[in-house]
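Asker: Turn this into a structure:
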Amino acid sequence: MVREDVQRLLMRIQVDFPQFRAPDKTVMIESWTQHLKDYSAEEMALAYESYCKSNSSGFAPSVSQLINETEKVKDLAVIDESEAWALVRKAIGRGAYNSENEFNKLPPPVQRAVGSAGQLFNWATDENYNDGVVMSQFLRSYRTTTQRQRTFERLPEPFQAKVNALVDKLPRIDGGAVLLGANSVTEVSEEKEPVSGGEYLKRLEEKFKGE
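Answerer: Below is the predicted model:
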């Protein structure tokens, strides 16, 4: 939104809530413009309508309340847990021979929770596979990674850039996932099958010897 959009929004709020007054209109307009610069006028109009229909306090909305109304839409757009697990379970069923393709078919939020194509392969080929245990592990990861991503998306752009800079410094294990950031779709290992923990430690030792 630009300054003129904010002015129109504030005028509309004042019409609907006559008690709504600002000690300094210029300061309020500048403040709201700064807070809402990443949102469109259409988004804020819908957010205001949603606030009016859902809030019975009788008080005019604050800028943070309007932002929260826009975020509700994004929260509702997240794949629910049962649907996410159904996608993963289907991928596991086909993951023994085609884990990379199956992983790539998953939506990004589900990819972040699974971690890698190698994890799908492990689940698909585990002789002691327990559906209930794996489901519990996945759902716990899905809740955590989804919440992290939503928290990230609510950050101002300069803070997002700082987070991404920090994420870029994190070590990756055989192409493993980085679970936070704007580009947080899991990186898939080029290897067709995951290496064992012992083999991975051996590779690390060889790597550090050469540095």
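Asker: Quickly note the distance from the residue most central in space within the chain to residue 70.
Answerer: By Cα atoms, centre = their mean, the chain has its centre lying nearest to residue 149, at 2.5 Å. Distance of residue 149 to residue 70, given as Cβ to Cβ, to the nearest Å: 16 Å. No exception for glycine: its C-beta is placed from N, CA and C like everyone else's.
Asker: do residue 125 as well
Answerer: 44 Å.
Asker: And those two? Which one has more around it.
Answerer: Remark: of residue 125 and residue 70, residue 70 carries more neighbours, 18 against 15, as counted by other Cβ atoms under 10 Å.
Asker: check which helix or strand covers the more buried one.
Answerer: Following DSSP states H and E, the helix or strand that holds residue 70 is helix 63-77.
Asker: what about that helix, average pLDDT?
Answerer: Averaging pLDDT along helix 63-77 yields 80.
Asker: Where in the chain is the helix or strand with the lowest mean pLDDT?
Answerer: helix 197-209 (a mean of 54; mean pLDDT, DSSP states H and E).
Asker: ok, back up a step: test my guess that the residue nearest to the centre of the chain contacts residue 109.
Answerer: Yes: assessed by Cβ atoms under 8 Å, residue 149 is found in contact with residue 109 at 6.8 Å.
Asker: Going along the chain, name the helices of this structure.
Answerer: 3-16, 25-35, 41-54, 63-77, 81-93, 95-105, 108-114, 117-125, 131-154, 157-168, 197-209 (DSSP state H).
Asker: Next, the angle from the longest one to helix 81-93.
Answerer: Note on geometry: by axes from the mean of the first three to the mean of the last three Cα atoms, to 10 degrees, helix 131-154 and helix 81-93 are set 120 degrees apart in direction.
Asker: cool, and the first one?
Answerer: Our comparison of helix 3-16 with helix 81-93, counting by the same axes, to 10 degrees, yields an angle of 140 degrees.
Asker: ok, residues contacting helix 3-16?
Answerer: 1, 20-22, 25, 28-30, 32-33, 36, 41, 44-45, 48, 52, 60-61 (Cβ atoms under 8 Å, 6 or more residues apart in numbering).
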